[in-house]
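# The sequence and its predicted three-dimensional model are supplied below.
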Amino acid sequence: MKRTAITVLLLALFFTLSSHELFLKSDTYFLEENSRSELYLFNGTFDESENVITRDRIIDPQIIGPEYNFKPSPDDYYDKDKATYLQFKTGFAGTYVAGVSTKPRTIELSGEEFTAYLEHEGLTAVIEDRKSKGISDQMAREKYSKHVKAIFQVDEKRTEHFSTSLGYPIEFIPLKNPYILSVGDSMSFKLLYRGEPLGNQTVHISSRKNFGEKGEGETAVRTNDNGEVSFTIGNEGQWYIATIHMIESDEGSLDYESNWATLTFEVK
């Protein structure tokens with residue numbers, strides 16, 4: 001079997017066994033004041049969810065806005081079409097931040113499977129470290145968790161709540177309010193890991209001009225020494241930024257620990 005075909009099969013096996021990117025999304029990120037609304041979790045890709053997120057995995061969900069601090073309970077969720085929906089009611093006009101974190105899970109992959117996964121996610125530092133130690137062909141056990149955010153706008157008033165840290169192990173903090181931006185403007189984020197800026201970290205950026213359309217791929221960029229990354233808003237529509245940070249684990253039964261982060265927003 002050709003190497004390309006083997007890699008495809010390994011990646012398919014990896015995604016079947018374990019990890020998909022997780023996104024907190026909305027059909028529209030422009031909502032009305034004091035209105036009933038929904039966000040939803042897509043576990044798979046930005047375009048398609050492969051499975052729901054069970055309530056026992058969800059931790060520290062939050063929605064924060066002007067005089068608004070909503071902490072959802074299990075009764076605020078329901079499942080539909082392999083996605084998990086969060087029901088809530090908006091408060092006063094302003095810019096809101098919402099987030100969900102998940103409890104860790106553990107996977108075990110062969111050396112070849114693990115390398116294919118690392119290559120797919122652009123985790124070159126881990127690949128090179130394993131090569132230098134001569135362990136590329138060894139099995140790897142990884143603990144991973146996911147931390148996702150969405151920034152949405154309620155009516156016309158813009159507020160500073162978009163930059164609120166939710167205290168997740170890894171998270172993107174917008175340095176600009178995305179709802180003051182237009183096509184052609186620059187958007188900036190700071191990436192925090194354990195509350196500190198994470199520099200030289202690969203992040204992926206993508207957008208969808210129209211709701212429900214498929215993406216054309218991601219742009220990969222690296223954060224600077226201050227953990228910051230900037231990019232140009234090239235089109236209207238829904239945007240996301242995503243990353244995976246992986247380190248060696250100090251737990252005896254594990255080899256690696258990873259934390260995944262995504263953030264979504266919309267530009268008109």
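Cool, got the structure.
# any idea how far Gly111 is from the residue lying closest to Glu121 once chain neighbours are set aside?
For Glu121, ignoring the flanking residues on the chain, the nearest one in space by Cβ to Cβ, 6 or more residues apart in numbering is Ile244 at 5.3 Å. Where you see a C-beta, it was placed from the backbone N, CA and C, and this is true even at glycine. In this view, Ile244 and Gly111 are 19 Å apart by Cβ to Cβ, to the nearest Å.
# what do you get for Gly65?
If you measure Gly65 against Gly111 using Cβ to Cβ, the figure is 47 Å.
# Show me the strands in the stretch 51-200 of the chain, by range?
Counting by DSSP state E, counting those that start in this stretch, the segments of the stretch 51-200 of the chain that form strands are 58-65, 68-70, 77-80, 83-89, 94-102, 105-109, 140-154, 170-174, 186-193, 196-197.
# ok, the helix or strand that the shortest one is followed by: who's next to it in the sheet?
Next in sequence after strand 196-197, counting helices and strands by DSSP states H and E, comes strand 202-208. According to DSSP bridges, strand 202-208 has the following sheet partners: strand 219-222 (antiparallel), strand 237-248 (antiparallel).
# Just say which of the ones you listed is most tucked in.
The highest mean neighbour count among the strands paired with strand 202-208, using mean count of other Cβ atoms under 10 Å, belongs to strand 237-248: a mean of 20.
# What mean pLDDT does it get?
Strand 237-248 carries an average pLDDT of 97.
# got it, and stretch 109-121?
93.
# list the buried ones in that stretch?
Burial within stretch 109-121, assessed by neighbour count using 16 or more other Cβ atoms under 10 Å, is assigned to Leu109, Glu113, Phe114, Thr115, Ala116, Tyr117, Leu118, Glu121.
# what's the closest of those to Tyr29?
Each of those was checked against Tyr29 using Cβ to Cβ; the closest is Glu121, at 26.3 Å.
# is it true that that closest one touches Ala242?
No: if you go by Cβ atoms under 8 Å, Glu121 and Ala242 don't touch, sitting 9.7 Å apart.
# Any stretches of the stretch 1-150 of the chain with poor pLDDT?
Applying pLDDT under 70 to the stretch 1-150 of the chain flags the ranges 1-19.
# buried stuff in stretch 54-67?
Arg57, Ile58, Pro61, Gln62, Ile63, Ile64, Gly65, Pro66.
# Okay, Gly237 and Ala116: tell me how far apart.
Distance of Gly237 to Ala116, given as Cβ to Cβ: 31 Å.
# re earlier: out of the buried residues of stretch 109-121, who's nearest Ser26?
Glu121 (25.6 Å).
# And the closest one, how far from Ile107?
Computed with Cβ to Cβ, the distance linking Glu121 and Ile107 is 13 Å.
# same thing with Tyr77?
Between Tyr77 and Ile107 the distance, using Cβ to Cβ, works out to 25 Å.
# And for Thr164?
Counting by Cβ to Cβ, the gap from Thr164 to Ile107 is 32 Å.
# Check Ser165 too.
With distances defined as Cβ to Cβ, the gap from Ser165 to Ile107 amounts to 28 Å.
# Also Pro178?
The gap separating Pro178 from Ile107 is 33 Å, by Cβ to Cβ.
# These two - which one has more neighbours?
A direct count of neighbours by other Cβ atoms under 10 Å for Pro178 and Ile107 places Pro178 higher, at 23 against 18.
# Quick check: closest non-adjacent residue to the more buried one.
Phe265 (4.3 Å).
# doesn't Phe172 make contact with the one you found?
No: with contact defined as Cβ under 8 Å, Phe265 and Phe172 do not form a contacting pair (10.1 Å).
# Switch the strands of the stretch 51-200 of the chain over to a markdown table; also include distance to Lys133.
As requested, these are arranged in a markdown table below (distance: least, Cβ to Cβ, whole Å):
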| stretch | distance to Lys133 |
| --- | --- |
| strand 58-65 | 33 |
| strand 68-70 | 46 |
| strand 77-80 | 43 |
| strand 83-89 | 39 |
| strand 94-102 | 30 |
| strand 105-109 | 17 |
| strand 140-154 | 12 |
| strand 170-174 | 25 |
| strand 186-193 | 23 |
| strand 196-197 | 26 |
